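Asker: Whatever this is, show me its structure:
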Amino acid sequence: MNKLQKIFVSGLISFLPLAVTIYIVYAGVTIVENLLGNFLRSALPTDTYIPGFGFLATMVLIFLLGLLLNNFVTAGLLLRLQEKLTEIPLIKVVYSPLRDLMNLFSKGRGGSELQKVVLVQFDGYKEVLGLVTREHFNDLDSNLKINPDKIAVYIPMSYGLGGYTILVNKSQITPIDIPVEKAMSLALTAWIKTDSNQK
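Answerer: Got it, this is the predicted structure:
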């Protein structure tokens, strides 16, 4: 019985991550497909819509938007439009945090500081893995009075999608030369080594 249980658990460990990954990818593709898919279904002649058109159209739209943002003339107009959107109360609550989050993880646009992985020291001997999100606060409200020796470090939570951001002295951190993806993987899995070939 124990042998059967061990075989089942081994199969479950292999199957579950694969099944969840496939489901997440499928759900993501379905969402993207439906962004423009419903519009294309009603705009195109009957029986001419092929599944995947919505996904392809969304990818083209995103690429065209990227081209516009990299054009000197249209980039200014789009940035002004973004500023106007943040002035609308309801939209500001949703749009601003999402835009900041995307910029945070973008290597090319405002997110380069996040590429620094550090260990934050507490009580002289405890250390926590984190990602530097801000090294200065000059652009924030001057009433905050944040010490210039402070930096913001994001601490991801194990087995969760959340985390918390702390302000610590620069003397409390030790930079680590590992990729952000590796640091996030270690933090999210509680540093559990599941692969014998993993370093």
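Asker: Which secondary structure element of the protein has the lowest mean pLDDT?
Answerer: helix 89-104 (a mean of 71; mean pLDDT, DSSP states H and E).
Asker: and after that one, which helix or strand comes next?
Answerer: strand 117-122 (DSSP states H and E).
Asker: Packing partners of that next one?
Answerer: Packing partners of strand 117-122 (3 or more Cβ pairs under 8 Å, 6 or more residues apart in numbering; DSSP states H and E): strand 126-134, strand 150-156, strand 173-176. (Each C-beta comes from the backbone N, C-alpha and C, glycine too.)
Asker: Not counting stretch 46-53 itself, show me its contacts.
Answerer: 33, 36-37, 40-41, 44 (Cβ atoms under 8 Å, 6 or more residues apart in numbering).
Asker: Let's have the residues you listed in a markdown table, adding neighbour count and secondary structure.
Answerer: Formatted as a markdown table, the contacts of stretch 46-53 follow (neighbours: other Cβ atoms under 10 Å; DSSP: H, G, I helix; E, B strand; the rest coil):
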| residue | neighbour count | secondary structure |
| --- | --- | --- |
| E33 | 19 | helix |
| L36 | 19 | helix |
| G37 | 20 | helix |
| L40 | 16 | helix |
| R41 | 14 | helix |
| L44 | 12 | coil |
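Asker: Out of those residues, which is nearest to V93?
Answerer: Distance to V93 across these (Cβ to Cβ) is lowest for L36, with 25.2 Å.
Asker: Please report the distance of the closest one from Y49.
Answerer: The gap separating L36 from Y49 is 11 Å, by Cβ to Cβ, to the nearest Å.
Asker: So which of the contacts of stretch 46-53 is the closest to V20?
Answerer: Set against V20, the nearest of these by Cβ to Cβ is E33 (20.1 Å).
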